[in-house]
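Q: let's see this in three dimensions:
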Amino acid sequence: MKTLFFTFSRSDYTSLKPILSAVADDPFFDLSLIVGGSHLIDEFGNSTLDITVDGFAIWRRIDFLDPNDSSHDAIGAAFAYLVEACVTSIRDAKPDAVFILGDRWEMLAVATAASVMHVPIIHHSGGDLTQGSMDNQTRHAISHLSHIHLVALPDHAKRLHLFGEEEWRITVTGEPALTGITEVIKDTTSFYDTVPVCRS
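A: Modelled structure (predicted):
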């Protein structure tokens, strides 16, 4: 199954990385990765290098974000540009599905493009709640545009069902970012196991 993945920041890549690793090892999937946003900005570390070091080939880069974009007008223009770029990318890639993660406006642009092009959307992280934040509206909008829902907790699955999403479309998978944390803990533990203990 040809699946198009998107990452636009370090924060979403942290959760996406374990999923990409699992998909890359599964012959059922044909993975294509689109990278953009703050990944391409030098002031934020140009983290595309981290992605390639992790062994993932970048199929396409979308440069839509300026580090000085902070006004509503600038973000609106970036959103419009990103929707158009996603339409072009989806048209060129011809995927069976797109995979998006999280609740940022960039992912809403992807979902908007995929929805109008009738490409199935797999979304991770729906059903969550962020108190006092616009992320809720964005997340819920993405959920309503999506076809398959992967969620972190049973409460999230229940919330999506109450929103009207069919139960068979919802799977509780856990939070993939915790996989990375577990790996860090293992690495740290093994390091300290090799350090001699000083006794007085």
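
Q: shaky segments in this structure?
A: 132, 180-200 (pLDDT under 70).

Q: the same query, at a cut-off of 80, please.
A: 42-46, 67-70, 131-133, 179-200 (pLDDT under 80).

Q: report the beta-bridge partner residues of the residue most central in space within the chain.
A: Nearest residue to the geometric centre of the chain (Cα atoms, centre = their mean): residue 101, 3.1 Å. Counting by DSSP bridges, residue 101 forms beta bridges with residue 124.

Q: would you confirm that residue 148 contacts residue 169?
A: Yes. Here residue 148 reaches residue 169: they are 5.7 Å apart, a contact under Cβ atoms under 8 Å. Every C-beta, even on glycine, is put in place using the N, C-alpha and C of the backbone.

Q: what helix or strand is residue 35 on?
A: With elements taken from DSSP states H and E, the one containing residue 35 is strand 30-36.

Q: show me what secondary structure element comes after that strand.
A: Scanning forward in sequence from strand 30-36 by DSSP H and E, the next helix or strand is helix 48-53.

Q: who's in contact with that next one?
A: Residues from elsewhere that reach helix 48-53, judged by Cβ atoms under 8 Å, 6 or more residues apart in numbering: 7, 10, 13, 33, 35, 39-40, 58, 61.

Q: so which of the residues you listed is the closest to residue 177?
A: residue 13 (9.8 Å; Cβ to Cβ).

Q: longest single helix anywhere in this structure?
A: helix 72-93 (DSSP state H).

Q: helices or strands up against that helix?
A: strand 2-7, strand 30-36, strand 60-62, helix 105-116 (3 or more Cβ pairs under 8 Å, 6 or more residues apart in numbering; DSSP states H and E).

Q: distance to residue 22 and mean neighbour count added to the ones you listed, as CSV?
A: Converted to CSV, the helices and strands packed on helix 72-93 look like this (distance: least, Cβ to Cβ, whole Å; neighbours: other Cβ atoms under 10 Å):
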stretch, distance to residue 22, mean neighbour count
strand 2-7, 12, 23
strand 30-36, 10, 20
strand 60-62, 22, 18
helix 105-116, 20, 22
